[in-house]
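**Q** Got a sequence here, can you build the structure:
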Amino acid sequence: MTGTLLDYEAEAARYDETRGGVPRAEAAAAAVLRLLPPGTRTLLDVACGTGLVTARIARPGLTAYGADAAHAMVRTAAARLPGRAVRADARRLPLPDAAVDAVSAVWLLHLVPFTEEIVAEAARVLRPGGAFLATVDKDACHDVGSDIDALLRPYRSTAAGSDATARVTAYAAAHGLEPAPGTTFTGHGQGATPRGTAEKLRRGYYASWYGTRTAAEVDALCAALAALPDQERPRPDPEYRLARFVRRPATDR
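**A** Okay, the predicted model is just below:
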């Protein structure tokens with residue numbers, strides 16, 4: 001994907017170990033499986049990354065495919081998804097209309113400014129009755145009420161979040177997808193530490209909610225973080241939200 005904060009070609013080699021590894025991937029995959037309609041036989045995981053989650057979206061009769069725009073990610077995913085990983089932009093999937101029973105987008109929509117295009121493309125390739133599953137409100141989910149969050153909250157704004165539930169729901173409705181009950185899952189290994197948070201601020205992370213900031217603002221906030229106790233102790237893991245949208249039959253649109 002273009003327009004993201006990270007270079008995913010460079011991130012591929014270390015992506016899993018810095019993102020909670022297998023426990024986080026298993027929690028995400030289990031959440032996806034909980035929301036799949038009965039009889040789902042094919043699923044496309046867009047922006048599948050290394051395929052760590054995709055490979056765990058498995059049950060009898062279900063085949064999960066992965067697509068990612070980064071060459072290095074697809075190379076890694078291909079080893080986990082033999083014959084089922086392809087390089088593709090989530091806005092232009094190499095599939096005909098109504099080709100799959102489900103589409104998942106885990107940890108994608110918060111990264112991009114073209115959420116509606118992704119939702120529209122997911123709707124296009126879904127069969128009637130199929131489900132589009134996407135994580136929403138990711139930045140908000142990282143506020144777990146810790147002492148770190150108490151410092152960050154005055155600077156935090158999720159109003160412009162490209163994965164805000166209301167925004168994604170509106171896009172879904174415009175493209176024939178109806179909201180259905182979703183679920184949550186634990187972001188294992190993603191609990192923040194004061195020192196790690198300060199390092200990320202200095203490296204330009206959190207741009208999607210922290211906005212424009214001066215060097216003096218960053219310095220002041222990092223100093224406040226440095227004064228917190230237990231600099232290396234992770235605070236609670238976030239609880240991510242997975243939304244579900246179901247493709248309406250053609251006669252209903």
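**Q** Helix, strand, or coil at residue 183?
**A** strand (DSSP: H, G, I helix; E, B strand; the rest coil).
**Q** per-residue pLDDT, it?
**A** pLDDT, the model's per-residue confidence, is 98 for residue 183.
**Q** ok, now residue 251?
**A** The predicted structure scores residue 251 at 61 on the pLDDT scale.
**Q** In the protein, which residue is most central in space?
**A** residue 107 (0.8 Å; Cα atoms, centre = their mean).
**Q** Without its sequence neighbours, what residue ends up closest to it?
**A** residue 135 (5.5 Å; Cβ to Cβ, 6 or more residues apart in numbering). (C-beta placed from N, C-alpha, C; glycine too.)
**Q** Check residue 169 too.
**A** Leaving out its chain neighbours, residue 169 is closest to residue 179 (Cβ to Cβ, 6+ apart), at 5.5 Å.
**Q** before we move on, what about residue 145?
**A** Nearest one to residue 145, counting by Cβ to Cβ, 6+ apart, is residue 236 at 7.9 Å.
**Q** What is the burial count for the one you found?
**A** The number of residues packed around residue 236, counting by other Cβ atoms under 10 Å, is 14.
**Q** so who does it touch?
**A** With contacts defined as Cβ atoms under 8 Å, 6 or more residues apart in numbering, the neighbours of residue 236 are 144, 145, 146, 191.
**Q** gap between the second one and residue 107?
**A** Distance of residue 145 to residue 107, given as Cβ to Cβ, to the nearest Å: 22 Å.
**Q** rewinding a little: mind checking the SS state of the residue nearest to residue 169?
**A** strand.
**Q** and it, how far is that from residue 159?
**A** If you measure residue 179 against residue 159 using Cβ to Cβ, the figure is 21 Å.
**Q** Give me the more crowded residue out of the two.
**A** In this view residue 179 and residue 159 are compared by other Cβ under 10 Å, and residue 179 has more residues nearby, 14 against 6.
**Q** Residues in a beta bridge with that one, which ones?
**A** Each beta-bridge partner of residue 179 is listed here, defined by DSSP bridges: residue 245.
**Q** can you check the one 5 residues further on too?
**A** Using DSSP bridges, the bridge partners assigned to residue 184 are residue 241.
**Q** related to what we said a few turns ago, residues contacting the residue nearest to the centre of the chain?
**A** Counting by Cβ under 8 Å, 6+ apart, residue 107 touches 28, 47, 135, 138.
**Q** So which of those residues belong to strands?
**A** In strands, judged by DSSP state E, the following of the contacts of residue 107 are found: residue 135.
**Q** Now tabulate the contacts of residue 107 in JSON lines and tack on distance to residue 203, pLDDT and neighbour count.
**A** Formatted as JSON lines, these follow (distance: Cβ to Cβ, whole Å; pLDDT from 0 to 100; neighbours: other Cβ atoms under 10 Å):
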{"residue": "28", "distance to residue 203": "25", "pLDDT": "97", "neighbour count": "26"}
{"residue": "47", "distance to residue 203": "22", "pLDDT": "95", "neighbour count": "25"}
{"residue": "135", "distance to residue 203": "23", "pLDDT": "97", "neighbour count": "26"}
{"residue": "138", "distance to residue 203": "18", "pLDDT": "91", "neighbour count": "24"}
